[in-house]
Each structure stands twice: as structure tokens, then as C-alpha cells.
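> pasting the sequence and the predicted coordinates here, then a few questions.
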Number of protein chains: 2
Amino acid sequence: MRTSRLLLATLKETPADAEVISHKLMLRAGMIRKLAAGLYTWLPLGLRVLRKVETIVREEMDRAGAQEVLMPAVQPAELWQESGRWEDMGAEMLRLKDRHQREFCFGPTHEEVITDLIRNELRSYKQLPANFYQIQTKFRDERRPRFGVMRAREFLMKDAYSFHLDMASLEETYRVMHEAYCRIFDRIGLTYRPVLADTGAIGGSGSHEFHVLADSGEDAIAFSDASDYAANVELAEALAPAQARPAPGAGMATVDTPEQHTIEEVSAFLDVPPGQTLKTLVVRGDSAEAPLVALVLRGDHELNAIKAGKLTAVADPLEFAADADIRAALGCGVGSLGPVGLAIPVIVDRSAAVVADFVCGANVDGKHLTGVNWGRDLPEPAVADIRNVVPGDPSPDGNGTLAIARGIEVGHIFQLGEKYSRAMNATVLDESGQAVVMSMGCYGIGVSRVVAAAIEQNNDERGIIWPQAIAPYQVALLPMNMHKSQRLREAAETLYRELTANGFEVLFDDRRERPGVMFADMELIGIPHRLVLGERGLDSGEIEYKGRRDSESQNIPLDGVMDFLLERLAG
Amino acid sequence: MRTSRLLLATLKETPADAEVISHKLMLRAGMIRKLAAGLYTWLPLGLRVLRKVETIVREEMDRAGAQEVLMPAVQPAELWQESGRWEDMGAEMLRLKDRHQREFCFGPTHEEVITDLIRNELRSYKQLPANFYQIQTKFRDERRPRFGVMRAREFLMKDAYSFHLDMASLEETYRVMHEAYCRIFDRIGLTYRPVLADTGAIGGSGSHEFHVLADSGEDAIAFSDASDYAANVELAEALAPAQARPAPGAGMATVDTPEQHTIEEVSAFLDVPPGQTLKTLVVRGDSAEAPLVALVLRGDHELNAIKAGKLTAVADPLEFAADADIRAALGCGVGSLGPVGLAIPVIVDRSAAVVADFVCGANVDGKHLTGVNWGRDLPEPAVADIRNVVPGDPSPDGNGTLAIARGIEVGHIFQLGEKYSRAMNATVLDESGQAVVMSMGCYGIGVSRVVAAAIEQNNDERGIIWPQAIAPYQVALLPMNMHKSQRLREAAETLYRELTANGFEVLFDDRRERPGVMFADMELIGIPHRLVLGERGLDSGEIEYKGRRDSESQNIPLDGVMDFLLERLAG
């Protein structure tokens, strides 16, 4: 492609409303343009990237035995009423009425449509398992669309749905999809983690998210430095410390801590490390007999609301008690709470339960206790895992220690079980002729989001650094001041023809621009390999090469450029 | 692909609500399924066809220098208000409101969005001409969606929009697109005609429709048997007859024609051919001075309402006068009208003006005139082309005679001129630094409709006959009773592997079905080449081949099957 025939809409200034780097760079590099809030047009360069991601996804889904279909974007309300989600979906589902005032939505997902299709088309267990996917435009009416195509309202998604006679078959296809997802993100060239995920409101029994690691990610991922273990921090288990609790070394004493409420304040005031203090949080209980429950953690740890909410005694979802209720029940402010002599149930985190000689609130305003010890100054505690893991924690699978990284969710695979098939009576006949509700799995990839995530992970101050497999073009060919030299023009045209004929995807910058503008544009749009051809190079039979991540350029023989590029592209 | 792993959803019965053959066959062959009125899911076999059409369209658009983009389906109302079409579009445009009650539509077309994009991105005449296309899902809320994907509400369209500094540049790109469209339909393998079209309400100066010829087509196309001339019958000019009017041969006489009103009745009653009678139609005039105008045609010709509506004296659009108004003004019923002595303006079709000794109404109920002659019994007439062409008419371009065929419109190219760019102030700076409104062209192909049109043109009583380039699979491989013979199974698996490895797209029927079922399914879904492998063939080293259009099968040497297929695929 010649830049003179391409809408190369690079911008010098970053548009004001772009917050994250991928959004800024996609606008600046002319990959996308905003039509309205959360609605983006893909310009030619951006669309090439999107199509490359789409192609890799399609090839791997086909290879994994999934069958491609294409379902309508517009879906009748009746199916959503049948599954019970017409009401549940809320304002995020874009509802509409046709000319006959019949209700429809612009599909945010397709469980209902595929389940309706399959219950009509499949009759026998012999037709199972079956897995259907589509790459299709979806709409989710986000309250606050942002971050460009990372969280757009209209977006391109690959969604797949599998159907099974039993859970064993579902688990097998789930495993196949897990592998296919790994191949997809490997081929795209991203650093990612499959992460154990909460099955949440959607129900079902098993789920992994695929996260592209990037500092700007919205999710925190805990992963082992020595194994495949990875989980959303919300889910990662904090193992009980291996070391036993030390023996008490001090007597319990009450100290004045006027105006010292937070862990930081108390620990600085008393000159003890935060890990030696315990904090007490009061939340709503799950029964009228125990309307309040105290949760105790080490001062340097954070409560994990999902884990705590799953405790029998605690209301789910977790809800903190109001300050006034705490004072009414316990006689002090939240900054002075502690487990000693507390009149409500106390549940203590595993790590907090092995601290000796700790500091905690005295349940009297302005006072704390020091040298407190479980089993001596107060009863041995009820213990549970209620904190977020932190870097250095042992990995729950017993291998290595945990690190924490930020991740961008780009894929999600899910064992749905019978959630939709039961509600919509999707059955097949089994071997004995009995109707059996099918089990289902679903498998999503945010195709357009992958493009943004790739940029979040791969960029520098000069622009995008595309992974080779999804770069809009592999090679940028930049002739220097070609318009002043017929000889250079001919050499550049010849090289462009040869490279293209040999299958290289070349962006040939034939604009009448200064070299600086050409360099800046090609780096901004992130072409992985750059060739610069000048008069001097023609004399010496050399061309200048620079990889997008290289710090220095190098001269290579002009007649060896093809082999050189092949080698670089392979690496 | 193995049929055992494919959703092969063939039906024995034709669903009741399918009217046209393509709709029937797409349902029966398991290519599509209906989700709701005008909304269809593409099943795996159908989607393969759709993607092949899409790929050919994309390749030819790229080759023609158009740049692919992807615009959102959901479009803000503001742009349509700016172009003036928000009101004009009527109920066919699916309107919707987002969660903030802002107005949008599910785009039926993208002139507004692309014009908005381009007015923001292009600044200089140096960036022109530019041509952008997308292959994207559209929605038109047809009052009565029917004929399956032929006239669906949600459908896949290729729409392209070009931008120019002047009309000469627009005409050049229009020519390039015309050629690209011919290549597209040639490659798909359809019999089609580019047809001069009316520019109608959309405005602009030049337009061609591309019609796939099929008896079931909604449009009538007139085309020359000796040149490229083709036009919608609405537009095709009926040339003045080359032969002069014969001299009068009879005297004018009044005859009783009681209860004889239609041309058929009168011509039978008087025993003259319909072409020797003239019919007189009274329509609304365009001025208060002449509120009625008489149009006179040969009895065997049909009025062309579009041509007549363009006459100065006639109201546009054409409107027939009410019977009561005719009787009030002219004193007789419509079945007895004639041009002799008529008190309103008379316009006579070119062919009617050269008839001598003709029969016409006497302007008295129950009476006709015979032996009437222009210039003798009434004045020489005002002559115009106001009829539809008929087969055998001379071609308007002077080459050959016209034939008439039915066509299905699958593409439309259009010189829009400044219709949208002026309304939306889409300008660039010209060489002298002046802002100039760009000229625009637009170029559409109904990608999903092409699939249906291909079937309308290519089918028989056994099912679909896919053109080779868009067949879901090229070759059907049918082993006979493979499950009873290990030897046959191994030979079939080997052949399947070899064919696939050599790039053939093979559908391998590995189901445990009777031969008759396999034959019927493969013919219904229209695979162009069929190979049948049986025990006997293994003994003789032969395999049975039958092309989908062949009347007889033939045996070919098993070891020559690859070359044989290559030859057939090339042919």
C-alpha cells in the first residue's frame, strides 16, 4: 500500500477526551475515529489490525472444531422473556421497537438466540457435543463508555456456545476452548494469563478469564512465579501461614492514642510495624440474632469482600455497618475497635490469627491495647481466609510465590451448565429415548478490545509497537526525498514491487514529506520493521533497517534485504 | 469437513411461509433459519457461501483502490437531521433511544456517517479522489419482509462512497466501480446485466443497477441481443419506427360496439389485430388550463408511467383521471374514448402515430370508429415516447433488437454529485485555496441478497446448483456403506485426506446414512462435484463422478481423480 492512497490520518495532538494510552494512540495513529459516545469508526489502518485479530480467532475456532454461524444483531424480546433476562439486563441492554411496535433488543450477547436455534435443530444425543461461534457486532449501552474501543458501546465480539449431553462432555470442550484461547493469544503475540474467575451472577460451575497483562489494566491478577496458577485477586486464596504463632512476649497494656484512628496513624504513633497491628471491621451479619459481625485483619492487609461475603455469618453481598450502629452496639468509634471483649461474633483472618503481641483498638475512644495475644488475653479466634493476597504470598497450588499484575480482560470461558437450556427447555433424546436438558458452555473474546489491549501492552513515547502478527503492515519502506531523485524513485519502486511480490505487507511512504514526518508517522502507527532508502545507500548498495523496538538502526546489503526481513519476521 | 461434525440441517418438507425458490431451498438445505420476521441466522453451510461472496467483493474493491473501513451500525440522529433525511426516511428506518434518551437509528445506509468522517479528515484536493467501503450489517424495517434473505430486514451490504474535486473525477471512479462490479459478478459466476437506472428520488446524475437475470426477478430488464445496452424497462427508450405510415386505405366509419370496452374485446369483435387499434388513456394534466390530457397508444402496447410523467403537459407523478371526471369532460366512458375530435390535449406514442386505418373509440358510449387516419380524419398528432419497450423493438443504441428478461437487483452504483456533501458542508481546499464542495458517488452490493439471487438463477427440482466460486464446498465425497467395510473406510479416509491436503474443499459424508439420503442431501445443498466411492470401485480402481448439472455419472480412474477434478474446477 502506498501512503498516498491511504487515509493516513495521524494527529500531532492527543484529543482531549482520551484517557488511556491505547485510546490516545489509536486516535493519534488514525486507527479509529469517534462517531458518538462509545461508537467508533475503524479507519483503514485500524481495520487491518482488527481483521488480523479476527482471522486468527476464526482459524483457531475452526481448528478446535467449532462451527461458524452468524446470528442477527436484532433479537426479539420473547426469547429474553423466556430466559428471564428481559428484566434482569437493565439499562445496559439497548431495547427498541420495530414499525409494528414489537419489542426487540440490539443483542448484547446471544445465549437466548443460540439456545432457541439449537433446541429446534438438534434432536439426538448423537449430534452432541456441538460448538457454534460467530464473530459479530454487539451493543452494550454502558452508562459511561470510555477508553475508546476498550469499553465501547458497539463492539466486535467472538462468542461461542457449546452443547452437551453431560458435564463430562462440557468439561472436555471447555478444556479444548481453553487451549484454543491460549493458541489465539500466543499467535497474536500478547503476554497474557488465563485466570480463575468468579462465576458470579451468571451462574455455572467453572470459569476462566483471559487477561492481557498491562499496567493500565482494570483487574488485579495474582499469579505464581513457578507454575500456571493465576487468579483474579478477588478469588486467589491466601493460604494459612506455614509458621506457627510465636509465644507471647509481652503483657497486655492499655495506651492512650488520642486522635489516632487509622492503622498508619496508630502504627506511627506507637512505632510498631502495620503488620503488628490488627484492624477490626464491622459488617452486617446474616441473621437477626447476630446483626453485626467483626472481621479482624492484619493492619497491612486488605479485606476481600467476596470471600467475606461467602461466610455463613456475614450478609452477602458484604455491607459495612453504619458508624452510628457500631457506636450504639459497641460504645466506641470505628477507629478504636478491637477483638478483646467484643460482644459480637469475631472472625479473624488466617494471617491475623498467627500474630503475637499485637496492637488493636481497646473499644474505648482514644485508647488502644498493646501486647495482646490470642488464647491468653482473648479466646482462640474463629479463623477464615478473608483478605486479598499480596505479592510474596505462597501460591495456593503449592508452587512458588504470588506476584500481582494488572490485567485487561479480553476473553472469558464459562461452564454455564443448564442455566439457559433448562429455562428454555432445550433437550435432546438420550440413548434410552429420554429427553435430557443439554449442558452448555460459552466462550467469548472481545475482538475489538484485543486491539486496544495489545496497544496498552506494547507502546512507547513514540507510539504503538504492534505485535508482528497483527500489525497493519509488516514493513515500512521510506525513501528519503524520492521526489528529488529519479534514480532513488526507481530503486524504491522496484524494491516495493519485489517485497510485495514476495508476500511482504509493505507500507510504501511515497508522500512528498520531510524524513522527520515520515519517521514519526511510521513509529506512531507502529510498523514493526522499517527500511530507509537514500541516495547514499544506493551508492554503497545498502539500506538502513530498524526494528520498532531497536534502539539503533543498522545498514544491511540491499541485495540481502529479503532474507534479512524473513529472518526478522520469523523471530 | 465431515458431515458428522457439521450442522447439516436439511429438511424434507418446504416450510409453509417460503414463497420464492431461493427462500425454500435455503431453508431446506439448512443454509439459514428464521429468528423473527426478516431476521435470519446463517447456519454453517450458508455462512460459507456468504463469506465467499464477501471475500470476492473485498478483493475486487481493494483491487479497484477502495479503502476498507468499518462504521458503526448505530448512528446518531443529528447527522440525519443535518442531511434532512431524519424525517424523509419514514418507518423503514429503525429508530431507537439510548439510556440517556438520545435518538439514534440502526443505519439503513451510511452516506451521512461517511460524509461526516470525510469532512473532518480530508482537507485538500490533493487527498482526492478517495473511495471508502465497508462490508457491514444494515437494517431496513420493511413493512412486509419476505423472500428470506432476498428482502430481509437485517442484511449484509457492501457500501462504498467516493469523494471528488469535480464531476470528471467522479465519472472516472464511477467507471472503475462499474468495471469492479462486472469483475465481481463474473467471478461469482452469475449471468447479470448492468442496467441504466432511474436516478429517482435520491438525486444525482448517473446510475446503473446490476441485475442477476432470473425468471423470478422483480424488475423487467430490456437488453440488446447485439450490444451491451441494457436498461430497466421503465427507462428504455422505444425508438420511432423506421418505416413511414402507410397511406390511408379505407374510409372512416362509425360502428356499434355494444358492451365492447377493452382492446381485447373490441379487436375480437371487429376482427382486427390489437396493434391496429389505438387506446386512449386520460391522465391529470400539469396546469389548470389543461386539467386532463389524453395519451394514445397502440392497443398492444403498455403505457410507461415514468416516461409519461416527464412530459411537460402531464402531472408528475402520473395520475389517471377519475372515470366520473372523464365522463363529465368528454361525455363517454373510458372504454369508448378516441382521439378524433377530442377537446383536450392529445399526445400520441411514436408507434401509434404510424398506424394507418386504425380503430379507436368514437367518444360515444357503445361506438367505435374504423378506418381512421392521422392527418385526414384528425390532425397530425403531437408525438412522444410514452410506452414500455417490447421484445423485438430496436435497441436504442442502434445495435440489434431488444429482449426482455426479469432481473434481481444485487448492486447499484450512483453518481450522487453534491447532494450530501452540500447539505453537510463537506469541502476541501482546491489548488487556489478556495473551499470546494466535494462531489460524491456511492456504490452498493447486497452481499446477502447475492446468495439468494445465485440460487434463483441456479437450481433444479433436486435443489441448489451453486456456481463453483461460492459453493460451500467444491467436492462431495460419498462412500457407500462405509460402516460395513473397513477397506472402504480406509480408502475413503485416505482420499479425503489427500484431496484436502491438495487444497480441495471437500465435504466428506461420513454419516451412517443410506446412499439415497446422502445423494439427496448433497444435491439439495448444491455441491458442484460429487465423488461416490464403493467396494466395486475399489476392485476396479475406479470412482464415480457426477457434476451437479450432469445428467449421467461417469467412472474415472481412482488414481487420476485429482487431475480430473482440477480440470473440472478450472472449467
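The structure has been received and is ready for your questions. Model, not experiment: these values are computed from the prediction.
> so who does residue A:529 touch?
For residue A:529, the contacting residues are A:474-476, A:545-548, A:565, A:568-569, by C-beta atoms under 8 Å, 6 or more residues apart in numbering or on different chains. C-betas here are computed from N, CA, C, even on glycine.
> what do you get for residue A:69?
Residues in contact with residue A:69 (C-beta under 8 Å, 6+ apart) are A:114, A:117, A:132-134, B:7, B:41-44, B:47.
> circling back to that earlier point, what two of the contacts of residue A:529 have the greatest distance between them?
Spatially, the most separated pair among those is A:546 and A:569, at 14.6 Å (C-beta to C-beta).
> any idea how far residue A:60 is from chain B?
Distance of residue A:60 to chain B, given as C-beta to the nearest C-beta, to the nearest Å: 16 Å.
> in three-state terms, label that residue for me.
Recorded secondary structure, residue A:60: helix (DSSP: H, G, I helix; E, B strand; the rest coil).
> so it makes contact with residue A:187?
Yes - the criterion here is C-beta atoms under 8 Å, and residue A:60 meets it with residue A:187 at 7.2 Å.
> what packs against the longest strand out of those in chain A?
In chain A, assigned by DSSP state E, the strand with the most residues is strand A:402-417. For strand A:402-417, the elements it packs on are helix A:167-188, strand A:192-196, strand A:206-213, strand A:219-224, strand A:439-446, helix A:447-457, judged by 3 or more C-beta pairs under 8 Å, 6 or more residues apart in numbering or on different chains; DSSP states H and E.
> roughly how far apart are whichever residue of the stretch 251-400 of chain A sits closest to chain B and residue A:278?
Scanning the stretch 251-400 of chain A for the residue nearest chain B gives residue A:317, at 23.8 Å (criterion: C-beta to the nearest C-beta). Separation of residue A:317 from residue A:278 (C-beta to C-beta, to the nearest Å): 24 Å.
> neighbour count: residue A:60 and residue A:187, which is higher?
Legend: neighbour count by other C-beta atoms under 10 Å in any protein chain shown for residue A:60 and residue A:187, higher for residue A:60 (22 against 18).
> and the gap between the more buried one and residue A:535?
Counting by C-beta to C-beta, the gap from residue A:60 to residue A:535 is 46 Å.
> can you add distance to chain B and mean pLDDT and give the helices and strands packed on strand A:402-417 back as CSV?
Listed next are the helices and strands packed on strand A:402-417 as CSV, based on distance: least, C-beta to the nearest C-beta, whole Å; pLDDT from 0 to 100:
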stretch, distance to chain B, mean pLDDT
helix A:167-188, 13, 97
strand A:192-196, 25, 92
strand A:206-213, 22, 93
strand A:219-224, 25, 92
strand A:439-446, 15, 98
helix A:447-457, 10, 98
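> rebuild these as TSV, extending it with distance to residue A:69.
What follows is the helices and strands packed on strand A:402-417, written out as TSV (distance: least, C-beta to C-beta, whole Å):
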stretch	distance to residue A:69
helix A:167-188	16
strand A:192-196	26
strand A:206-213	22
strand A:219-224	30
strand A:439-446	14
helix A:447-457	16
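> stretch A:109-122: which residues count as buried?
A:109-119, A:121-122 (16 or more other C-beta atoms under 10 Å in any protein chain shown).
> mind saving the C-alpha coords of that stretch as PDB?
The C-alpha trace of stretch A:109-122 is given here as PDB (Å, rounded to 0.1, in the frame of the first residue of the first chain):
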ATOM      1  CA  THR A 109     -24.900 -11.500  23.800                       C
ATOM      2  CA  HIS A 110     -26.600 -14.500  22.100                       C
ATOM      3  CA  GLU A 111     -27.300 -17.200  24.700                       C
ATOM      4  CA  GLU A 112     -31.000 -17.000  24.100                       C
ATOM      5  CA  VAL A 113     -30.800 -16.900  20.300                       C
ATOM      6  CA  ILE A 114     -28.400 -19.900  20.000                       C
ATOM      7  CA  THR A 115     -30.300 -21.900  22.600                       C
ATOM      8  CA  ASP A 116     -33.500 -21.300  20.600                       C
ATOM      9  CA  LEU A 117     -31.800 -22.400  17.400                       C
ATOM     10  CA  ILE A 118     -30.300 -25.500  18.800                       C
ATOM     11  CA  ARG A 119     -33.400 -26.700  20.600                       C
ATOM     12  CA  ASN A 120     -35.100 -26.600  17.200                       C
ATOM     13  CA  GLU A 121     -32.300 -28.200  15.200                       C
ATOM     14  CA  LEU A 122     -30.800 -30.900  17.400                       C
END
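> near chain B at all, that stretch?
Yes - Stretch A:109-122 lies within reach of chain B by C-beta under 8 Å from any C-beta of the partner chain, at A:113, A:116-117, A:120-121.
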